[in-house]
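> let me see the structure of the following:
(chains A and B)
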Amino acid sequence: MSAGIVGLHAAKSGDVVDNSHFESIGLTDEWIRRRSGIASRTWFPDGAELADVAAEACAPLVGRAGDPSAIGALIVVSTSVRQRVPAIAQKVAELAGLPSSVLAFDMNAACCGFVYGLVNGLSLIDAGQTRSALVCTVEAMSRMVDRSDRQTACLFADGAAAVLLEDRAEFPRFVHVAGGDGGREQLMRETDAGGIHLDGAQVYDRAVRRMSDTARQLFAHDPAPSVLVGHQANGRILEQIRTFTSELGVPFVNRIEHFGNTSSASIPLALADELSTGSLSAEGRLGAVAYGAGEAWGGVSVSYRIPAAA
Amino acid sequence: MNDIERRITDVMLAKLQVRDPSLTREDLDRPVADLDLDSLDVVELTQLLERELRVKADLKETAGFAFLHEFSAYFVTLAKA
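Here you go, the predicted structure:
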């Protein structure tokens, strides 16, 4: 008996921005698609509060949980919340209808945030600290990038999604892998001038290696994942990982085309979108792998049973 | 052409043909700049050759190659080391 994912919901807020938006900075649709696999992405309106968007992702899961007081923890993962004090988790909890007794906190692990947040939430349940937990990712990367920067403006995007975690007798124990190398902090970083610096070739190389290796490490444990979802960093990275993990024999999800890189929100958004196509079973074992700034990487193998409306 | 060189050539040609299926082995002599390869293609090609030959390459080295035959010579050396 162990914790797993029993609900998943993606917020719908935001404006669709297609590639023609970037013609003003000299980027064509063809160039963006070739370099990233992205055709469109969502940006939140400038005035949108991230707590509101996060609550939009969480509230349906709270409603379906039956007894909100059973949800003892809410982890709000974000690298793009600009406000440090107060944290937004308490506001999200209130807006989503969670009880005031909930253990709610913010967490930032850049693009690894969902994986790391998931490990935290699952661990709280397996340790007997709560019967269920919510992990919510909310990102407004469009507010972090320099919108005139040809390398990053078209790549990063906004989004929010949440998962509900619960104990189930039929769920085998989750497994996680994590790692980091602070010596490579310069590969991806926020710049003093505002914007994100990416060492493109190095990041590509490291992301493919780390996410592929992490996926293989997850497969060393039973039960093996039935589907792999990688951080949706760039379509080229995802396709190379798909090639390098083909021997594992499970689907590797690439849904970046209409989402862009939403940092920590990318994995649950991709999983929700893939599930909506009907190509995946509503019940299985998720292998989620991520790589991002820090540098940090990690993966989690966790069982899921997600009803169609969840 | 020995077995290692043939495997390197096959990987390089397969990579080029993703962009342009009409390219042939003769095109491997053209400068990288003329082959519609971007910087990510160079990383991808490096990784694919590493995987094929089970070697570890230096990305800074391969990023500086102007011709594909430089990839070939470099990876032959790595494979024989």
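
> low pLDDT regions in the stretch 51-200 of chain A?
Within the stretch 51-200 of chain A, no stretch has pLDDT under 70.

> so who does the spatially most central residue of chain B touch?
The centroid of chain B falls nearest to B:Met12 when counting by CA atoms, centre = their mean (4.4 Å). Contacts for B:Met12 (CB atoms under 8 Å, 6 or more residues apart in numbering or on different chains) come out as B:28, B:45, B:49, B:68, B:71-72. In this view, the C-beta of every residue, glycine as well, is placed from N, C-alpha and C.

> farthest pair within those residues?
B:Leu28 and B:Leu49 (13.1 Å; CB to CB).

> show me which of these two is the more surrounded one.
B:Leu49 (23 against 18; other CB atoms under 10 Å in any protein chain shown).

> which secondary structure element contains the more buried one?
Assigned by DSSP states H and E, B:Leu49 belongs to helix B:39-53.

> counting contacts, what elements does that helix pack onto?
helix A:200-218, helix A:235-244, helix B:3-19, helix B:59-62, helix B:68-80 (3 or more CB pairs under 8 Å, 6 or more residues apart in numbering or on different chains; DSSP states H and E).

> residues from chain B in reach of chain A?
B:38-40, B:42-44, B:46-48, B:51, B:59, B:63 (CB under 8 Å from any CB of the partner chain).

> got JSON lines for those residues, with pLDDT and neighbour count too?
Listed next are the residues of chain B next to chain A as JSON lines, based on pLDDT from 0 to 100; neighbours: other CB atoms under 10 Å in any protein chain shown:
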{"residue": "B:Asp38", "pLDDT": "89", "neighbour count": "14"}
{"residue": "B:Ser39", "pLDDT": "89", "neighbour count": "12"}
{"residue": "B:Leu40", "pLDDT": "92", "neighbour count": "19"}
{"residue": "B:Val42", "pLDDT": "93", "neighbour count": "20"}
{"residue": "B:Val43", "pLDDT": "95", "neighbour count": "23"}
{"residue": "B:Glu44", "pLDDT": "95", "neighbour count": "22"}
{"residue": "B:Thr46", "pLDDT": "96", "neighbour count": "22"}
{"residue": "B:Gln47", "pLDDT": "96", "neighbour count": "21"}
{"residue": "B:Leu48", "pLDDT": "96", "neighbour count": "18"}
{"residue": "B:Arg51", "pLDDT": "95", "neighbour count": "13"}
{"residue": "B:Leu59", "pLDDT": "93", "neighbour count": "17"}
{"residue": "B:Ala63", "pLDDT": "92", "neighbour count": "14"}
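
> looking at these, which is nearest A:Glu295?
Nearest to A:Glu295 among the residues of chain B next to chain A, with distances taken as CB to CB, is B:Leu59, at 15.1 Å.

> how close does the closest one sit to A:Arg206?
Look at B:Leu59 and A:Arg206: by CB to CB, to the nearest Å, they are 10 Å apart.

> same check, this time on A:Ser40
Using CB to CB, A:Ser40 is found at 27 Å from A:Arg206.

> quick one, which of these two is more surrounded?
A:Arg206 (21 against 17).

> quick one: that one and A:Arg184 touch, right?
Yes: contact criterion CB atoms under 8 Å: A:Arg206 and A:Arg184 qualify, at 7.3 Å.

> what sits in contact with each of the two?
A:Glu295.

> and the closest residue to A:Ala224 other than its chain neighbours, how far from chain B?
Nearest non-adjacent residue to A:Ala224, counting by CB to CB, 6 or more residues apart in numbering or on different chains: A:Arg285, 6.9 Å away. Here the criterion is CB to the nearest CB, to the nearest Å. By it, A:Arg285 lies 26 Å from chain B.

> need the contact list for residue 25.
Because you didn't say which chain, this covers chain A. A:147-150, A:153.

> meant chain B, my bad for not saying
Neighbouring residues of B:Arg25 by CB under 8 Å, 6+ apart: B:9, B:13.

> so A:Ser101 touches A:Ala70, yeah?
No: look at A:Ser101 against A:Ala70 with CB under 8 Å: they stay out of range, at 11.0 Å.

> which of those two has more neighbours?
Neighbours were counted for A:Ser101 and for A:Ala70 using other CB under 10 Å; A:Ala70 has more, 13 against 10.

> state the distance from the more buried one to A:Leu98.
Look at A:Ala70 and A:Leu98: by CB to CB, they are 10 Å apart.

> same question, B:Leu68
As judged by CB to CB, B:Leu68 and A:Leu98 stand 58 Å apart.

> and what of A:Val177?
In terms of CB to CB, A:Val177 sits 30 Å off from A:Leu98.

> compare neighbour counts for these two and give me the winner.
More crowded of A:Val177 and A:Leu98, by other CB under 10 Å: A:Leu98, with 25 against 20.

> which helix or strand contains that one?
Under DSSP H and E, no helix or strand contains A:Leu98.

> how about the contacts made by it?
A:Leu98 neighbours (CB under 8 Å, 6+ apart): A:58, A:62, A:68, A:71, A:74, A:104, A:134.

> of all those residues, which comes closest to A:Ser36?
Closest to A:Ser36, out of all of the contacts of A:Leu98 and judged by CB to CB, is A:Cys58, at 29.4 Å.

> what distance do you get for the closest residue to the closest one other than its chain neighbours to A:Val53?
The spatially closest residue to A:Cys58, leaving aside those adjacent along the chain, is A:Ala96, at 3.8 Å (CB to CB, 6+ apart). As defined by CB to CB, A:Ala96 lies at a distance of 11 Å from A:Val53.

> check A:Ala293 too.
Distance, A:Ala293 to A:Val53, using CB to CB: 22 Å.

> repeat that for A:Gly249.
A:Gly249 is 37 Å from A:Val53, by CB to CB.

> repeat that for A:Trp43.
Distance from A:Trp43 to A:Val53, by CB to CB: 12 Å.

> do A:Val175 as well
Distance of A:Val175 to A:Val53, computed by CB to CB: 31 Å.

> which of these two has more residues huddled nearby?
Neighbour count, other CB under 10 Å: between A:Val175 and A:Val53, A:Val53 has more, with 25 against 21.
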